[in-house]
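Trainee: Give the three-dimensional model of this entry:
(one chain, ligands or ions: 3)
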Amino acid sequence: MSSVRVEVMDGDFNRALASSLSVLLDKGIVDALVIPQESPHGLAIHQTLVRKREGLKSPRPINLLMANNAARFLQELSEADPGARVAAVLRPCELRAAVELVKLNQINRASMFFIGVDCHGTMKPRAYEKRAAEIKREGRDPSAELIGKDEPESQRETCRACERFWPLEGTADLVVAHIGLDPFKELFIEAHSDAGAGALRALTEAGYREAVVPEARRSTIQERLARVAEFRKGWLEEARNKFGSLDALLSTLSGCVRCYNCRDACPICYCKECVFDAEFMEPSPRHTLRRAGRKGLLRLPQDTLLFHLTRLNHMATSCVGCGMCEEACPQEIPVALLFIPLGERVQRLFDYVPGRDPREPLPLATFKEKELEEVGGE
Ligand code: SF4
Ligand code: SF4
Ligand code: SF4
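Mentor: Numbers count the residues shown, from 1 in each chain. Ligands and ions are numbered 1, 2, ... in the order given. Got it, this is the predicted structure:
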């Protein structure tokens, strides 16, 4: 696999990476770039859509804050012929969600260029904001400062439990490799497709030199996977306690106000018309009063359990474990702790990993005679 080395000056790896990516814009290899940038006050990081190099004002392609799963925006930018090729800098869980959305015909892969980036994990937005404010007060860059420190305890639990924190082979066009390396000195960009190889040629013409990604990346990934495995034992136990029986499930979900934030933040919940917004799902006053009459009392809003079970049913095979549903919940309900382990169990049944391989068909999309022959079981 061919790759180039990006030399980092003054420790500013984000500026160095953005500068290399802007070559793709300058040379017309892509027409637009979806890339995270720091907000003007410096306490948040948002996705931005950049069409000119000057738009890269405060790029943070490597950062510790994920406010949204960017695959959602790619869906919004996708149509049969949008008239522009859009490149997107994506974390591994965003990249995997994008691959799933391509399979679900929600993203037009031909008009996209995926740039996968190794991920250090991300913090809860409020925790990030607090730390960023402290670091900013001392005149330093929160992204650089926080990436430089290995603080797993400050990360979101879904990130600590994440087993795929690097872009999987063959899913992106380019991969930015930096785990286990020294991003304050150098980054590496690898080509993972023909389109990626073309982009790499443009980078070498622009003066970037070819180089091999150091072996340290692979060994660091293995070490981190061992830490993840250790963390997952307690995490899965917590999932069993919170959701392992009907009583536990009802109790954990009891604070749900059915605001639909979890659905709206989920990259895989893509339906333009959700069944829960459909008119036929709106109970008439007469029906609601009848239900209350039958039981003596009715919890309002109604059908929170039905909402979660329906969503689980719709997306268990494609949940990529990004945890955005949980971050969006105003009631702090650990919805990701319900969806991720349960999704993984369903995915194991089909030997399927969402976003692992663009050629792998979606489970349940095709009928297989020799599938799920056992009823019941574990
Ligand atoms: S879930 Fe994984 S890929 Fe996504 S932000 Fe967390 S560590 Fe990164
Ligand atoms: S975000 Fe939280 S409160 Fe809102 S519907 Fe989802 S679980 Fe319920
Ligand atoms: S259910 Fe939650 S963890 Fe799974 S893809 Fe959707 S937002 Fe991410």
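
Trainee: For the residue lying closest to residue 20 once chain neighbours are set aside, give its distance to residue 281.
Mentor: Residue nearest to residue 20 in three dimensions, not counting chain neighbours: residue 6, with 5.0 Å by C-beta to C-beta, 6 or more residues apart in numbering. Any C-beta I mention is one placed from the backbone N, CA and C, and that applies to glycine too. Computed with C-beta to C-beta, to the nearest Å, the distance linking residue 6 and residue 281 is 51 Å.

Trainee: Same question for residue 188.
Mentor: For residue 188, the distance to residue 281 - C-beta to C-beta - is 50 Å.

Trainee: Of the two, which one has the most company?
Mentor: For residue 188 and residue 281, the more surrounded residue by other C-beta atoms under 10 Å is residue 188, and the numbers stand at 20 against 13.

Trainee: my guess is the more buried one is in a strand, correct?
Mentor: Yes. Counting by DSSP: H, G, I helix; E, B strand; the rest coil, residue 188 is part of a strand.

Trainee: wait, what's in contact with it?
Mentor: 3-6, 176-178, 181, 211, 213-214 (C-beta atoms under 8 Å, 6 or more residues apart in numbering).

Trainee: restrict those residues to contacts with ligand 1.
Mentor: Among the contacts of residue 188, no residue is within reach of ligand 1 (C-beta under 6 Å from any ligand atom).

Trainee: Closest one to ligand 2 out of those residues, please.
Mentor: Set against ligand 2, the nearest of the contacts of residue 188 by C-beta to the nearest ligand atom is residue 176 (31.9 Å).

Trainee: leaving aside the residues next to it on the chain, what's closest to the closest one?
Mentor: residue 117 is the one closest to residue 176 (C-beta to C-beta, 6+ apart), at 4.4 Å.

Trainee: didn't the one you found look like it was pressed against residue 93?
Mentor: No. Contact between residue 117 and residue 93 fails when scored by C-beta atoms under 8 Å: they sit 11.2 Å apart.

Trainee: any low-confidence regions in this protein?
Mentor: 1, 148, 150, 375-378 (pLDDT under 70).

Trainee: remind me, longest helix of it?
Mentor: Longest helix of the chain, by residue count under DSSP state H: helix 216-243.

Trainee: In contact with residue 15: list those residues for me.
Mentor: So residue 15 contacts residue 59 (C-beta under 8 Å, 6+ apart).

Trainee: Which secondary structure state is assigned to it?
Mentor: Classified using three-state DSSP, residue 15 is helix.

Trainee: what about residue 139, how many neighbours?
Mentor: 6.

Trainee: Equivalent analysis for residue 280, please.
Mentor: So residue 280, with other C-beta under 10 Å, has 6 neighbours.

Trainee: That one looks like it's in a strand, true?
Mentor: No. Assessed with three-state DSSP, residue 280 is helix; it does not lie in a strand.

Trainee: List phi and psi for residue 174.
Mentor: Per-residue torsions, residue 174: phi -130, psi 150 (degrees, to the nearest 10).

Trainee: what do you get for residue 87?
Mentor: When read as degrees, to the nearest 10, the backbone of residue 87 gives phi -100, psi 150.

Trainee: so it bridges to which residues?
Mentor: For residue 87, the beta-bridge partners under DSSP bridges are residue 33, residue 113.

Trainee: contacting residues for it?
Mentor: 21, 24, 30, 32-34, 112-115.

Trainee: my guess is residue 214 meets residue 182, correct?
Mentor: No. The criterion here is C-beta under 8 Å, and residue 214 misses it with residue 182 at 9.5 Å.
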